[in-house]
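Asker: would you be able to build a 3D model of this:
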Amino acid sequence: PVARIASGADPVLALAITPNGSGFATGTRRGAVEFFDFSRPYPVNEWGGIPGPPTALQVSADGRYALTGDVSGTLRWWDSQTKGAARDFAGTPAPLLAATLLESAGMVFSLGGDGGVRQWKTADGLLAGAVLTPAASNLAVAPDGKSVFVGGQDGWVRKLEWPPTAPQPLGTHNDVASSVHVSPDGKWIASGGVDARVLLYQSEDGKNVRAFADGPGRITTIAFSGDSARLVAAGEAGAVKVWNVADGAAVSTHGGHTGAVLGVATHPKAAEFATAGADGTMRLWNLTPATQTLAGHTQPALRVSLSPDGKTAWSVSADRTLRGWNTGDGKLARTVEKLPASPGPLGVSGDGRWSVLGDAAGDLSTWSSTDGAAQPVAGAHLAAITAVARDPQGQGWLSAGADGMVKLRTVPPTAAELLAGLPAAAGVIAVSG
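Answerer: Numbers count the residues shown, from 1 in each chain. This next block holds a predicted model:
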């Protein structure tokens, strides 16, 4: 993860990133709301007094207000200036399972354990609409406030037009639909279930688009990225998976929590997201994958070596080619063909200008990274070369062979200096930094 932030031993049950992206807030089992700044790994503000363990948390765009829902059925509006409750939204007879603040429309939505979806006006706190659905577990609201999506304990995801109309079934899970989320652009709906499935629907017509493959197990929570391009899903085992929304391709998998991930919040602008876990920690992650794919070999890649400055990577393959890559953009910079049939260990010189390759015949070859010029050293060893290592301080190069010899030479090659005659094959070699 980008950062690991500990809030204490108390489990974090709710998590929200502030709309301006400057920090985030958490709700803990002891009934407290803690505010964090991304630049500091400790709370900068704390409010107490949530009647029960929180089930929902959201922060207003200006960071002044927060909305919490809890298992006591209390839906509360908090003011950071007074550090206290500004208003309770009345009319929630059952424990709250989810709550959403739609600030642009002046609406607050909640989902109760009785299956009731309710909406209030933020201006005066008056109840403006309500509808009962089959037993449900999660709630999401479209940005325009005209569509509400409910994940049911029967595995169905239902779409409600708002003001309320009859629910529209979208799709089904084989167990409880534990999480549902609407993309920020309003085009997509996603649902996650205890059946470990993550499903995607079109918001306009409710069409089931796809099931995402290889999820993180039994789903606890899901969230779209701020640009609606990626979907994040978290599971009971602590794993987190990220996919591309457009094609369903897997982007990355993350691990680190020692228990269930109970909350996921994505940054509204940056390619980052935060997770909150039952282990009492919050973690910050990058949405973008930390790896590049360097494609070009037509057969298995056998060896790889990185230049000391990290700018060039060299690989050798069973296709008998040596390829050099620019690590900055992943582009192929150099290809050397017709290598020995049995290439061995591969390395890069201390200044990054030369790649060195040993083979099963005991020959050592070097190639210039600038012009591809080759300088072979036939018979460098009397048997297969088993290891090569560079001198990080200069041009020295060590090679070890099955002939029991360890030799030091410079790159480009000159006459070798015999360092040791071992009683058996030398299989590993290393140089101190």
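Asker: identify the bridge partners of the residue lying closest to Leu306 once chain neighbours are set aside.
Answerer: Nearest residue to Leu306 in three dimensions, chain neighbours excluded: Ala313, at 5.2 Å (Cβ to Cβ, 6 or more residues apart in numbering). The way it works is simple: take the backbone N, C-alpha and C, and place the C-beta from them, glycine included. For Ala313, the beta-bridge partners are Leu306, Trp325 (DSSP bridges).
Asker: from Asp319, how far off is Ala313?
Answerer: Distance, Ala313 to Asp319, using Cβ to Cβ, to the nearest Å: 17 Å.
Asker: name the residues of stretch 59-76 that are buried.
Answerer: Using 16 or more other Cβ atoms under 10 Å as the test for burial, stretch 59-76 gives 59-60, 63, 65-76.
Asker: ditto for stretch 335-348
Answerer: Within stretch 335-348, the residues scored as buried using 16+ other Cβ under 10 Å are 336, 339-340, 343-348.
Asker: need the worst-confidence member of those.
Answerer: Least confident of the buried residues of stretch 335-348 in the model: Pro340, at 71.
Asker: any stretches of the stretch 201-350 of the chain with poor pLDDT?
Answerer: Low-confidence segments of the stretch 201-350 of the chain, defined by pLDDT under 70: 289-293, 341, 350.
Asker: phi, psi of Glu103?
Answerer: phi -60, psi -40 (degrees, to the nearest 10).
Asker: ok now do it, which residues does it touch?
Answerer: Glu103 is in contact with 60-61, 122, counting by Cβ atoms under 8 Å, 6 or more residues apart in numbering.
Asker: can you redo those as JSON lines with secondary structure and pLDDT?
Answerer: Listed next are these as JSON lines, based on DSSP: H, G, I helix; E, B strand; the rest coil; pLDDT from 0 to 100:
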{"residue": "Ser60", "secondary structure": "coil", "pLDDT": "89"}
{"residue": "Ala61", "secondary structure": "coil", "pLDDT": "85"}
{"residue": "Thr122", "secondary structure": "coil", "pLDDT": "90"}
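Asker: in strands only, show me the buried residues of stretch 335-348.
Answerer: Among these, the members falling in strands (DSSP state E) are 336, 343-348.
Asker: any chance of those residues in TSV, plus distance to Ala25?
Answerer: What follows is those, written out as TSV (distance: Cβ to Cβ, whole Å):
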residue	distance to Ala25
Val336	56
Pro343	55
Gly344	56
Pro345	53
Leu346	50
Gly347	50
Val348	48
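Asker: farthest-separated two in these?
Answerer: Largest separation among those by Cβ to Cβ: Val336 and Pro345, giving 15.9 Å.
Asker: ok, the closest residue to Ala123 other than its chain neighbours - contacts?
Answerer: Nearest residue to Ala123, sequence neighbours excluded (Cβ to Cβ, 6+ apart): Gly106, at 5.8 Å. Going by Cβ under 8 Å, 6+ apart, Gly106 touches 121-123.
Asker: and if you look at Gly31?
Answerer: 48-54, 70.
Asker: ok so, going back, retrieve the pLDDT associated with the residue nearest to Ala123.
Answerer: What the model reports for Gly106 is a pLDDT of 91.
Asker: and for Glu46?
Answerer: Confidence at Glu46, expressed as pLDDT, is 80.
Asker: the nearest residue to Thr28 once chain neighbours are set aside: what secondary structure?
Answerer: Once flanking residues are discounted, Thr28 sits nearest to Asp10: 4.5 Å by Cβ to Cβ, 6+ apart. When classified by DSSP: H, G, I helix; E, B strand; the rest coil, Asp10 comes out as coil.
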